[in-house]
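Q: coords below, sequence missing:
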């Protein structure tokens, strides 16, 4: 099955430092999108950033940026200037644009803890 | 405020009973989704619907049923046939047909079956 791999079950980062959360994916499709979501302890899923497979530039949204390396099938999330409120689970997800358009395949997540 | 509501936040049922989880959205989205999340795991797709009166099975549809009679509503029934129903259930919605549009999620319902 095509899957998303997040190899870091847990990460620690010092407040105000940058952190990179890893994500690799399987796909045989040429057209797909990659998403990152944040899940605080309350449980809701918060959309952070999107990267399309044909986008030439890496996506950025405020303190979030996506390091997209298509040939390596990796889409790492970089959070700059970490804040205590960034402590949460982070999920990478892929959507194929084809017959099952709209279906997100999620990784197992990385738990980020920001230390003061 | 536009958004997705799921109720209740916590739900307790006895084994062998069917239970229905509600999901309502006022975002005018055509597509709606149900996901299941187990501890330490990512989300897995149960069912999705891209238009009223039509829906498709996701990866783990066995033991679940849905209906989509209104654009705003996509209730999920967890039947007694679902072998491990205790989980966190998340509903989502999105625009159809536009690449790059994210799915918006509700706050979730935590179901415990004993």
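A: Alright, I've got the coordinates. None of the values given here were measured: they were computed from a predicted structure.
Q: wait, doesn't residue B:65 sit right on residue B:79?
A: Yes - with the criterion set as C-beta atoms under 8 Å, residue B:65 and residue B:79 qualify as a contacting pair; they are 6.3 Å apart. For the C-beta atoms, the positions are set from N, CA and C on the backbone; glycine is no exception.
Q: which residues does residue A:67 contact?
A: When contacts are counted by C-beta atoms under 8 Å, 6 or more residues apart in numbering or on different chains, residue A:67 touches A:20, A:58, A:74-78.
Q: Residue B:67 now?
A: Residue B:67 makes contacts with B:55, B:74-75, as judged by C-beta under 8 Å, 6+ apart.
Q: any idea which of those residues has the most stuff around it?
A: By neighbour count, taken as other C-beta atoms under 10 Å in any protein chain shown, the most surrounded of those turns out to be residue B:74 (28 neighbours).
Q: List the residues that contact the residue nearest to that residue when sequence neighbours are not counted.
A: Counting by C-beta to C-beta, 6 or more residues apart in numbering or on different chains, residue B:74 lies nearest to residue B:32, which is 3.9 Å off, once chain neighbours are set aside. Going by C-beta under 8 Å, 6+ apart, residue B:32 touches B:23, B:25, B:48-49, B:68, B:74, B:91-93.
Q: and which of those is nearest residue A:33?
A: When the contacts of residue B:32 are compared for distance to residue A:33 (C-beta to C-beta), residue B:92 comes out closest, at 14.9 Å.
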